[in-house]
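Colleague: I'd like to go over a predicted model; first the sequence, then the structure.
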Amino acid sequence: MIDYTIIHPEHLVHLGLKDFLYRQTSPPYKLKYQLYSIKEAIHQIKSLNSRLIFLKISGHGGEEIKIIELIKRHSKTSMILLIGDVENTSLARKCLIKGAHGYVYSKCIEIELLTAIHTILKNEVYMPSGFRIHPNLSEVQNKKRTPQKLDFALTPREKEVLELIAHGFSTLQISEQLFISDQTVAVHRKNLFRKLAVKNVISLLKVANEKQLLPV
């Protein structure tokens, strides 16, 4: 049973999501909280540990980023799926970098929504077709580029994990080197993949080298 929370100002969206998830049986879903504003969500933050959280983004300010940070602080297992429009992509990028797990457009079809849900429940990141966290990564691959300034910051631990990945260490070897669990290493790897908008280690190291994130 997957418990879920909806944070969205529109009642019809609540009705649509509830009906859609009620029809899913593998796995089944159970509504935990039905909230109509981020302010309501903040009041419930200590118990807002749903496995799946639908969050409307509007692009009107930093409230979305604030609630994402609070959710991440109070729950390590909650998966956040952003719901927005095409004009909200800039805010969506910031929210994904801050820890949201996926993004769908408000008018997406049911199969895409279901794919997004299943993807983030597997602890992977979902983004709409053609959407990139870093808009500059679509440049021609063989074009020589000067290093770009990061629009986000890697944590000290993420830098350590990145360097060990570059040396060919496995997840288990990294956990032994840094005295942390292999699950924690996996989370850091996922965050690195998300922040650099890549899907595999080869691309991760290529982008990291271009951005001079690796020691010479």
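Modeller: Cool, got the structure.

Colleague: who touches the residue nearest in space to the middle of the chain in this structure?
Modeller: By C-alpha atoms, centre = their mean, the chain has its centre lying nearest to His101, at 2.4 Å. By C-beta atoms under 8 Å, 6 or more residues apart in numbering, His101 lies in contact with 79-81, 120, 123-126. All C-beta atoms are positioned from the backbone trio N, CA, C, and that covers glycine.

Colleague: Now do it against Glu69, distance only.
Modeller: Distance, His101 to Glu69, by C-beta to C-beta, to the nearest Å: 14 Å.

Colleague: can you check Leu172 too?
Modeller: Counting by C-beta to C-beta, the gap from Leu172 to Glu69 is 30 Å.

Colleague: burial measure for Lys122, as a count.
Modeller: Residues within reach of Lys122, counting by other C-beta atoms under 10 Å, total 10.

Colleague: Thr184 now?
Modeller: Neighbour tally, Thr184, other C-beta under 10 Å: 15.

Colleague: Now it: which helix or strand?
Modeller: Per DSSP states H and E, Thr184 falls inside helix 182-195.

Colleague: Now do that helix: which elements does it pack against?
Modeller: Packing contacts for helix 182-195, counted by 3 or more C-beta pairs under 8 Å, 6 or more residues apart in numbering; DSSP states H and E, involve helix 89-98, helix 156-166, helix 171-178.

Colleague: returning to that earlier point: relative to Glu210, which of the contacts of His101 is nearest.
Modeller: Proximity of the contacts of His101 to Glu210 (C-beta to C-beta) peaks at Val125, which lies at 20.6 Å.
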